[in-house]
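# how would this look folded up:
(chains A and B)
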There are 2 protein chains.
Amino acid sequence: MQAVVITNENLEIQERPTPEPGPHDVVVSVRAAGVNAADLLQRQGYYPAPTGWPADIPGLEMAGVVSAVGDLVSEPLLGRRVCAIVGGGGQATHCLVPAEHLIYIPDDVSWDEAGGFAEAFTTAYDALVSQGHLESGERVLISGANGGVGTAAVQIAHALGAHVTAATRTSAHHEQLRALGADATITIDEVASIERVNLVLELVGAANLSHAQHVLAPRARIIVIGVGGGSRVEIDLRFIMSLRATISGSTLRARSREEKADVAQLINESLVPLWMDGEVRVPVARSFELDAAGAAYEYFAESGKFGKVILRVDQ
Amino acid sequence: MQAVVITNENLEIQERPTPEPGPHDVVVSVRAAGVNAADLLQRQGYYPAPTGWPADIPGLEMAGVVSAVGDLVSEPLLGRRVCAIVGGGGQATHCLVPAEHLIYIPDDVSWDEAGGFAEAFTTAYDALVSQGHLESGERVLISGANGGVGTAAVQIAHALGAHVTAATRTSAHHEQLRALGADATITIDEVASIERVNLVLELVGAANLSHAQHVLAPRARIIVIGVGGGSRVEIDLRFIMSLRATISGSTLRARSREEKADVAQLINESLVPLWMDGEVRVPVARSFELDAAGAAYEYFAESGKFGKVILRVDQ
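Sure, this is the predicted structure:
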């Protein structure tokens, strides 16, 4: 197979052996793979792939067609259109995936969209619903709403019946965010002026959270899943106590194979139907061919884009 | 009735009308009342009593005998030995309490002990179990273990089968804490040396939490219920994310009458049996007569005491 390979912080296409599925795995013939911040960190030598995954092939998510199935996989998966979060190796023509981590994609979505669904939408749904217990009618602040997870979170929260305030660094994408379902759009320095919220989804980190902690309603939950804007933040514990608030953080990567299977099952049952009905979709900022991965990473690092950056894989 | 009354930041005994029970209330003939940090704050003009409670009679907890019962209270409560958390007015010869907030005390405990049970033990149980989901076999760090809530928490966590590390400012009370069930005792500056913990009960605030956040096990919970040692703390969100940790805070006072009833029921069902079996007890630092409330508050403000400060009420 062909794969993007990290060598001395450079990206190049190399020929690698096509993976064979273990008894509970499948191999996916990849059509599109999302680019994520973790890929850029991994290229710089940080954020190494977890044990058991390709150490030098980046790519945390991909979509494609199941092309080989392990001996102990009982479901008829060959030829199914799927996407998945993987520990690495997504940016290649073929990718090994535990069968129980597969997300089954609607028939009519494009490969670009499918390639950018798994990481952002799973992360956003897990944070808002599984961790944040978001309920219809609650007010939610999405801090850092213009990225992949942010645009997913705006749509999911809107589809669940929450009142969504989307906060971004500049007002550049406010119209697009309202089109995705945001009830209000603000720049992050305006956050003090909003009505108190029940949930803050913090995708930027310390820079934004230092403001957001002052607009919490009683029993508010702050869920931190991004710290690109700094990770050290001063918290006033008196606010937290008197409001009975909660701050928690999470990554999907730290979870066990079983936990990831539970998450994938939840996404298949709860979120894919919304995708099928067109209530959520994957905004794609731009897509690149696999052999232009370097250019895609550079574009990803730029500010001001809206939605996912995708690598297309020709088979 | 006689009551401790706050006038211009002084405490004096005044004659006040004995309260009449509302339809769902009882009046308790008070035998003992605990002193808490909130009383000292209230005396200084902070932390005002919630609406519907005496504005100038301090006292958040008391124990005694039910002496009058509201018309719509169906249970036969007259003469029952009880204790309760109240919104205020506990430091008096008589105190009004919603019937559903009563905690039924074992026959053989002293009034001193009963007067100091409700606030500390309810707070500790609610934090460890209802908020912290402490499970048998988990490791818990009690930060600020020598006060009323701390000594309650050490005993409750031990009784639930947790491994308890009690942290204090000095080593003065380490032997007493081990006698209450602490498996290990440390001064707070030694916290970096302990094995990682599943739960931190933070009773001191920022000063201790800035250390404690570095000894968290995966999925650890930090429950903040005291900020006497400062409330502003720098948190590293990267730790919180990678460990999937949670920081939450709470006060009992902010809750509704219904929520407080639920808490009291839980204490009656889950914690009073441990008290009855002698698995938990209330360490009393010192008790004073009601008319020596000023001296009791002064003693409370001193550091280095161990257990509760109690006001005794002669009837």
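
# switch to C-alpha atoms for all contacts and neighbour counts from now on
Noted.

# give me phi/psi at residue A:221?
With angles defined as degrees, to the nearest 10, residue A:221 sits at phi -120, psi 130.

# again, but for residue A:155
Backbone torsions for residue A:155, taken as degrees, to the nearest 10, come to phi -70, psi -40.

# which residues touch it?
A:180-182, A:279-280 (CA atoms under 8 Å, 6 or more residues apart in numbering or on different chains).

# tell me the one of those nearest residue A:115?
For those, the minimum distance to residue A:115 (CA to CA) is 14.6 Å, reached by residue A:280.

# for the closest one, give me its contacts.
Neighbour list for residue A:280: A:152, A:155-156, A:159, A:274 [criterion: CA under 8 Å, 6+ apart].

# which element is it on?
Residue A:280 is part of no helix or strand, with elements assigned from DSSP states H and E.

# about what we covered before: max pairwise distance over the contacts of residue A:280: which two?
Maximum distance among these (CA to CA): 11.7 Å, for A:152 and A:274.

# and those two? Which one has more around it.
More neighbours surround residue A:152 than the other of residue A:152 and residue A:274, with 27 against 18 (other CA atoms under 10 Å in any protein chain shown).

# may I see the buried residues of the strand or helix carrying the more buried one?
With elements taken from DSSP H and E, the one containing residue A:152 is helix A:148-159. The neighbour-count check on helix A:148-159 (16 or more other CA atoms under 10 Å in any protein chain shown) flags A:148-159 as buried.

# how far out from the middle of the chain is that helix?
10 Å (CA atoms, centre = their mean, to the nearest Å).

# next structured bit after it?
Assigned by DSSP H and E, the successor of helix A:148-159 is strand A:163-168.

# what residues does chain A have near chain B?
A:205-206, A:224-225, A:227, A:231-238, A:240-251, A:254 (CA under 8 Å from any CA of the partner chain).

# and if we set it to 6 Å?
A:231-238, A:240-241, A:244-251 (CA under 6 Å from any CA of the partner chain).

# so residue A:286 belongs to a strand, correct?
Yes: counting by DSSP: H, G, I helix; E, B strand; the rest coil, residue A:286 is part of a strand.

# tell me how chain A divides into domains.
A:2-117+A:253-312, A:120-249 (automatic domain parsing).

# dump the residue contacts of residue A:51.
Residues near residue A:51 by CA atoms under 6 Å, 6 or more residues apart in numbering or on different chains: none.

# so how far is chain B from residue A:307?
Per CA to the nearest CA, to the nearest Å, residue A:307 is found 23 Å from chain B.

# over to residue A:190?
Here residue A:190 is placed at a distance of 23 Å from chain B (CA to the nearest CA).

# now do residue A:74
For residue A:74 relative to chain B (CA to the nearest CA), the value is 33 Å.

# report pLDDT for that residue.
pLDDT recorded at residue A:74 is 92.

# remind me which residues of the stretch 201-315 of chain A are low pLDDT?
The model of the stretch 201-315 of chain A has no residue with pLDDT under 70.

# which residue ranges of it form strands?
A:216-224, A:232-236, A:246-249, A:284-289, A:308-312 (DSSP state E, counting those that start in this stretch).

# which strands or helices does the first one pack on?
For strand A:216-224, the elements it packs on are strand A:197-202, strand A:246-249, judged by 3 or more CA pairs under 6 Å, 6 or more residues apart in numbering or on different chains; DSSP states H and E.

# and these, which is most packed in?
Among the helices and strands packed on strand A:216-224, strand A:197-202 has the highest mean neighbour count (mean count of other CA atoms under 10 Å in any protein chain shown), at a mean of 26.

# partner strands of that one and their direction?
In the sheet, strand A:197-202 lines up against strand A:139-143 (parallel), strand A:216-224 (parallel) (DSSP bridges).

# tell me which helix or strand residue A:82 sits in.
strand A:81-85.

# OK, now which residue of the stretch 1-150 of chain A is nearest to chain B?
residue A:131 (10.2 Å; CA to the nearest CA).

# of the buried residues of helix A:148-159, closest to chain B?
The closest of the buried residues of helix A:148-159 to chain B turns out to be residue A:149 (CA to the nearest CA; 15.5 Å).

# does the closest one touch residue A:120 like I think?
Yes: between residue A:149 and residue A:120 there is a contact at 4.3 Å, judged by CA atoms under 6 Å.

# next one: the spatially most central residue of chain A from residue B:257, what distance?
In chain A, the residue lying closest to the centroid (CA atoms, centre = their mean) is residue A:120, at 1.7 Å. Residue A:120 sits 41 Å away from residue B:257, going by CA to CA, to the nearest Å.

# burial count for residue A:144?
The number of residues packed near residue A:144 is 24, by other CA under 10 Å.

# what's the spacing between it and residue A:170?
Going from residue A:144 to residue A:170 by CA to CA gives 10 Å.

# what do you get for residue A:164?
For residue A:164 relative to residue A:170 (CA to CA), the value is 17 Å.

# more neighbours, these two?
The neighbour comparison of residue A:164 against residue A:170 (other CA under 10 Å) goes to residue A:164, with 26 against 13.
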